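J.: Build me a model:
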Amino acid sequence: MYTRLVRSKRLVPVVLGIVTLAAVTVLLCSDALPRLFPAESHEILAAFSLATIALAYLIYQIAHRPAAMEFLKAILLAVAFLFWAANQFWWALPQATLFNDIAIALFILDVFLVMVGWPPTSSDSSFGETCSGSCAAPCTASRPEPTGQ
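T.: The predicted model follows:
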């Protein structure tokens, strides 16, 4: 069952998430007004944003203490973001295409694993999904009944 972390354990990943959102805002501003930014800033901002959210997600998962296979899946996703960041930062290297292709493969694998329900301990609620259909009974069974007033 998915449980929400206490505020103190969410602090570092949330702060990193806020830093990432700020970097993405600056990145989008550099797209809108490129003459206001140095030539190489786009690649740096894009890579920084991707690497920072990967780190924030890993720290969040460590604090959340998921099952081993769920943590392995989180690492897979973070590594995908890091390869994407490498592709953005080192775009001129011959390996940049390989970095991008590895990121694509890992993102696709991650989504596929979600679709097939692996690992079986995964909670769909952590992906923002709600109970419906065949999963509604177990979800409502775990909720406390409202008290009449």
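J.: Now do whichever strand or helix holds Leu28, average pLDDT.
T.: For Leu28, the host element (DSSP states H and E) is helix 7-32. For helix 7-32, the mean pLDDT works out to 94.
J.: For the helix or strand following that helix, give me every contacting residue.
T.: Sequence-wise, the next helix or strand downstream of helix 7-32 (DSSP H and E) is helix 41-64. Here helix 41-64 makes contact (C-beta atoms under 8 Å, 6 or more residues apart in numbering) with 5, 9-10, 12-14, 16-17, 19-20, 23-24, 26-27, 30-31, 34, 70-71, 74-75, 77-79, 81-82, 84-86, 88-89, 91. From N, CA and C alone the C-beta is placed, and that goes for glycine too.
J.: at 7 Å instead, please
T.: For helix 41-64, the external contacting residues (C-beta atoms under 7 Å, 6 or more residues apart in numbering) are 5, 9, 12-13, 16-17, 19-20, 23-24, 26-27, 30, 71, 74, 77-78, 81-82, 84-85, 88-89, 91.
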